[in-house]
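Asks: give me a model of this one.
(chains A and B, ligands or ions: 1)
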Amino acid sequence: MVHLMPSRPRVAIIGVGVYGPKHTIPELSFRELAFEAALRAYRDAGIDDPRRDIDAFIGCQEDFWEGIAIADEFIPEPIGGVLRPTFTVSGDGLQGVAQAYMLIRTGYFDVVSVEAHAKPSDIRTFDGIMELAFDPNYLRPVVPPNYHFYAALEAKAFMELAGATREDLALVVAKNKNIGLLNPRSISAAPVSPCDVLEAPMVSDPLTAMDIADPVDVGVVVVLASDDTVSRLGVEDRAVWIEGIGYGTETGSFERHEIGRAPSVRLASARALGEAGISNAFNELDFIETDDRYSFFEPLTLFEAGITQDPIKDLREGTFDPGGPLPVNLSGGSLSWGWPLEATGLLRLVHAIEFIRRNGGKGLAISWRGIPTYTSSAIVVSGEG
Amino acid sequence: MGSFQTKSKVSKPQNPGGHGLKENELWQLSGLIEYRPRAKYDFSAGQALGIFLEKLKEGKIVGSRCPRCGRIYVPPRSYCEYCLVPTIEIVEVPDTGTVHTAVISYIRTTRERMEKPEIVGIIRLDVPGYSTNEYEFAGLFHRLCGVTPEDVISGNVIGMKVRAKWKPPEKRKGSILDIECFEPLPAYGNP
Ligand SMILES: [Zn+2]
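Replies: Reported below is the predicted structural model:
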């Protein structure tokens, strides 16, 4: 008996659309932000009629960020998903891309749209919302009023393990904020030196205000399609292929997690790099866009993804600078363009795609879901068809 | 093999089927934490709803028209969810309409009986030239006043002609509550 296996289509990202980011986008509602991003992405993808040509829609958001219970129900409408298959990923946008990727790999879906947005400027009690993420029975009574303490604990532990100093974190900040001056999406790029960072006001030792990315409003949509669709639409020139993708969660327990490490980044990257058939990431990748919502997280992810055993030594030697052997965060990273909540991973991916469209090559994007989560995702994208 | 026993105040569930704990029973549970979230937001109305709320101050209800399919959205949306195109044209619509459906609410979410039952419904607005069907029309959800619970129970309220009862201009704030309620229009042959 012959079993006909369904073919496993290759998957490309064929369209990206972004509205923002800005510290505040008061002129648009969150629905209008999603709509503006969707229009741009669908035009970029060469899709004439999104209501006909897109098979499924995925929104990525979290109710407490939105201030709306069951916020999923609001998202189909502005992105074309009314009366179509839609669902929500309550997580980072890159986790949503992983779901879209798998839908297309089944062979049942040809084109899938992934949306994520952030409207932190609508949240008046940002610290109150962050507090809700902590265990209610024993952690909330003891968490300090400034939630950045959580990242600072991780930063301290990482510095101890990696032999890093505050000067090293300042190198990351100065690198990314200077690169960001070339990215029109930057909201906090600046020609700063490491000294400026060290002198910036301390938020939670060892993190200064400059070591921490600003919350920003944004709408982002990306469109994924099967290889057949790429040919049918004739968008080979702008298609960027997904070579591998992964996501994972470590533990929900604050104390039992590997403090100063990021096993979720390790899991997600190993999966993505493995699927992409990459054995020597340092040599085979052309660039990396990685999570730097806190400065220390950039070298930590480079270690966990297996890029280098000594990210601090490499950082000091300029390995990750533009023009270096493996540039990291050529977009300026979150330290330049901000922290748009669950849209952070999607916006990071958009920068990776735009880089490949201009220069070709192969890149890795890594997104952490941020404090206080132990969830991360990673994706390998390539210009080779 | 010995059996494993725990010593605690509650050795086994009193009622495995479940029953509500009384206030004093609740507080005997060890480690119970009372928590009040600090969750405040300033929701941006955006372009379309922003115009809608502004116009309510003037005693006007507006919608937006889709340039492609002609649907009119009340309250206005800045896009047509069916055609996925921007709806640029804002149109004023009448503040009269027909009750499409209505219900009586007797108790609060927390189950206390309300002194006066509240009647709310969906009003299909009289938008000229707009072809409607059973499921799709330009309409608003609002309170109904001047309607008795008997009207609702009997079904007489369905199809009733109603008009917005506006707050006096000086009390309007750009809120959906600038319309107090929709009330029956006797001139249209209501009972
Ligand atoms: Zn339309």
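Asks: ok, which stretches of the stretch 101-250 of chain A are helices?
Replies: In chain order, the stretch 101-250 of chain A shows helices spanning A:126-131, A:149-162, A:166-179, A:194-199, A:227-233, with DSSP state H, counting those that start in this stretch as the criterion.
Asks: quick check: which of the ones you listed is buried the most?
Replies: When the helices of the stretch 101-250 of chain A are scored by mean count of other Cβ atoms under 10 Å in any protein chain shown, the highest mean neighbour count falls to helix A:166-179 (a mean of 23). (Each C-beta comes from the backbone N, C-alpha and C, glycine too.)
Asks: chain center to that one, what's the gap?
Replies: Relative to the centre of its chain, helix A:166-179 is centred 19 Å away, using Cα atoms, centre = their mean, to the nearest Å.
Asks: just checking, what packs against that helix?
Replies: Other helices and strands packing on helix A:166-179, by 3 or more Cβ pairs under 8 Å, 6 or more residues apart in numbering or on different chains; DSSP states H and E, are helix A:149-162, helix A:194-199, helix A:297-304, helix A:311-316, helix A:333-337.
Asks: and these: which comes nearest B:R113?
Replies: The closest of the helices and strands packed on helix A:166-179 to B:R113 is helix A:149-162. By Cβ to Cβ, the value is 45.8 Å.
Asks: wait, B:F141 touches B:V103, no?
Replies: No - the pair B:F141 / B:V103 is not scored as a contact, 10.9 Å apart, by Cβ atoms under 8 Å.
Asks: common neighbours of those two, please.
Replies: A shared contact of B:F141 and B:V103, defined by Cβ atoms under 8 Å, 6 or more residues apart in numbering or on different chains, is any residue touching both; here these are B:V120, B:G121.
Asks: residues touching the residue of the stretch 201-350 of chain A found nearest the ion, list them.
Replies: Ranked by Cβ to the ion, the top residue of the stretch 201-350 of chain A for proximity to the ion is A:V221, at 19.5 Å. Under the criterion of Cβ under 8 Å, 6+ apart, the contact list for A:V221 reads A:15-17, A:34, A:37-38, A:40-42, A:79, A:113-115.
Asks: sort out for me which of these are in strands.
Replies: Among those, the members falling in strands are A:G15, A:V16, A:G17, A:S113, A:V114, A:E115 (criterion: DSSP state E).
Asks: can you name the next helix or strand after the lowest-mean-pLDDT helix or strand in chain B?
Replies: Across the helices and strands of chain B, mean confidence by mean pLDDT, DSSP states H and E is lowest for helix B:23-26: a mean of 74. Tracing the chain C-terminally past helix B:23-26 and defining elements by DSSP states H and E, one meets helix B:46-57 next.
Asks: that next one near chain A at all?
Replies: Yes - using Cβ under 8 Å from any Cβ of the partner chain, helix B:46-57 comes into contact with chain A via B:G46, B:Q47, B:A48, B:L49.
Asks: quick one: which of these is nearest to B:P186?
Replies: Looking across these and measuring by Cβ to Cβ, the closest to B:P186 is B:L49, at 32.6 Å.
Asks: mind listing what that closest one touches?
Replies: Contacts of B:L49 (Cβ under 8 Å, 6+ apart): A:S29, B:P75, B:P76.
Asks: mind checking pLDDT for the second one?
Replies: pLDDT, the model's per-residue confidence, is 95 for B:P75.
Asks: the nearest residue to it once chain neighbours are set aside: what's it in contact with?
Replies: In space, and not counting its chain neighbours, B:P75 is closest to B:F52: 4.5 Å by Cβ to Cβ, 6 or more residues apart in numbering or on different chains. With contacts taken as Cβ under 8 Å, 6+ apart, B:F52 has the following neighbours: B:A45, B:I61, B:V62, B:P75, B:P76.
Asks: and B:G31, how far from the ion?
Replies: Taken as Cβ to the ion, to the nearest Å, the spacing of B:G31 relative to the ion amounts to 55 Å.
Asks: surely that residue is in contact with A:N137?
Replies: Yes - B:G31 is in contact with A:N137 according to Cβ under 8 Å; the separation is 6.0 Å.
Asks: who's more crowded, these two?
Replies: Between B:G31 and A:N137, counted using other Cβ atoms under 10 Å in any protein chain shown, the more crowded position is A:N137 (11 against 6).
Asks: hang on, B:P75 in a strand?
Replies: No - B:P75 is assigned coil when assessed by DSSP: H, G, I helix; E, B strand; the rest coil, not a strand.
Asks: what residues does chain B put near chain A?
Replies: Those residues of chain B that sit near chain A, judged by Cβ under 8 Å from any Cβ, are B:31, B:33, B:35, B:37-49, B:77-79, B:81-84, B:86.
Asks: can you rerun that using 10 Å?
Replies: Residues of chain B that fall close to chain A, judged by Cβ under 10 Å from any Cβ of the partner chain: B:31-50, B:77-86.
Asks: can you flag the buried ones in these?
Replies: Neighbour counting by 16 or more other Cβ atoms under 10 Å in any protein chain shown classes B:41, B:44-50, B:77-84, B:86 among the residues of chain B next to chain A as buried.
Asks: please name the residues that touch the closest residue to the ion within the stretch 1-150 of chain A.
Replies: Proximity of the stretch 1-150 of chain A to the ion (Cβ to the ion) peaks at A:R51, 9.4 Å away. Taking Cβ atoms under 10 Å, 6 or more residues apart in numbering or on different chains as the criterion, A:R51 is in contact with A:Y42, A:G80, A:G81, A:V82, A:L83, A:R84, B:C80, B:E81, B:Y82, B:C83, B:L84, B:V85.
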